[in-house]
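1. Only the shape, not the letters, is given here:
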């Protein structure tokens, strides 16, 4: 994998080689072999410059996104010593009540990526909606998009007492009874725990 440093070093080396070829030829013309080598060197240097430009543009984008708390990078993962990484975007138990819109959108985008059976067009449209509409849309997707939620919802329609729910579906009972957001857009508490 080429890095900024390796590409810069390659470009510098190719420039030096091309300059040396030019100086050796002086005022005379290059031989056909030298001319072919010179053109190949110019082509390779230009390819390396293009690759370097793409990497630098990506770095600029990442630096700009790092400064924006609402920016999200779909599918991004990280690891750090002692960090707890949750891979289930549908598990909202760790989402704080004062979560920022950016955190909520990230969770919604991760949920969209994890939903099976969506076409690329549907997935892209859902991501556009999460990015463009109120962040509560992302929270609703994360709260109601899991297979367990869909299954539990159907079973609760058939049996409002929920006697046929699996343990995973049974754990979703609070989400089945309430809207996942309050008007302010933060996760709501169940009616029995409100002050």
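-> Good, I have the coordinates. Here the structure is a predicted model, which means the values were calculated and not measured. Residues are numbered from 1 along each chain as shown.

2. next SSE after whichever strand or helix holds residue 131?
-> Counting by DSSP states H and E, the element that carries residue 131 is helix 120-132. Scanning forward in sequence from helix 120-132 by DSSP H and E, the next helix or strand is helix 136-144.

3. for this protein, longest helix please?
-> The residue-count maximum for a helix in the chain (DSSP state H) belongs to helix 32-67.

4. Need the residues that contact the helix holding residue 131.
-> Under the contact criterion CB atoms under 8 Å, 6 or more residues apart in numbering, helix 120-132 has outside partners 72, 74, 105, 108-109, 112-113, 115, 118, 137-138, 141. (Each C-beta comes from the backbone N, C-alpha and C, glycine too.)

5. Give the PyMOL command for selecting the buried subset of these.
-> Those of the contacts of helix 120-132 that count as buried under 16 or more other CB atoms under 10 Å are selected in PyMOL with:
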select buried, resi 72+105+108+109+112+115+137+138+141
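
6. Hmm, which of the contacts of helix 120-132 is lowest in pLDDT?
-> Within those, pLDDT reaches its minimum at residue 74, with 58.

7. thinking again about what came up before, just checking, what packs against the longest helix of the chain?
-> Under the contact criterion of 3 or more CB pairs under 8 Å, 6 or more residues apart in numbering; DSSP states H and E, helix 32-67 touches helix 4-25.

8. in the helix it packs on, what counts as buried?
-> Within helix 4-25, the residues scored as buried using 16+ other CB under 10 Å are 7, 10-11, 14, 18.

9. can you list the contacts of helix 120-132 in a markdown table and add distance to residue 29 and secondary structure?
-> Formatted as a markdown table, the contacts of helix 120-132 follow (distance: CB to CB, whole Å; DSSP: H, G, I helix; E, B strand; the rest coil):
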| residue | distance to residue 29 | secondary structure |
| --- | --- | --- |
| 72 | 57 | coil |
| 74 | 55 | coil |
| 105 | 62 | helix |
| 108 | 64 | helix |
| 109 | 59 | helix |
| 112 | 61 | helix |
| 113 | 58 | helix |
| 115 | 64 | coil |
| 118 | 62 | coil |
| 137 | 67 | helix |
| 138 | 65 | helix |
| 141 | 67 | helix |
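
10. for the contacts of helix 120-132, which one is nearest residue 33?
-> Nearest to residue 33 out of these is residue 74 (CB to CB; 49.9 Å).

11. do you know how far residue 141 is from residue 60?
-> 30 Å (CB to CB, to the nearest Å).

12. and what of residue 5?
-> The value you get for residue 5 to residue 60, if CB to CB is used, is 17 Å.

13. And for residue 31?
-> 43 Å.

14. likewise residue 118?
-> Distance check for residue 118 against residue 60: by CB to CB, it reads 31 Å.

15. now the contacts of helix 120-132 in a markdown table, with distance to residue 43?
-> Shown next, in a markdown table, are those (distance: CB to CB, whole Å):
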| residue | distance to residue 43 |
| --- | --- |
| 72 | 38 |
| 74 | 35 |
| 105 | 43 |
| 108 | 45 |
| 109 | 40 |
| 112 | 42 |
| 113 | 39 |
| 115 | 45 |
| 118 | 42 |
| 137 | 49 |
| 138 | 46 |
| 141 | 48 |
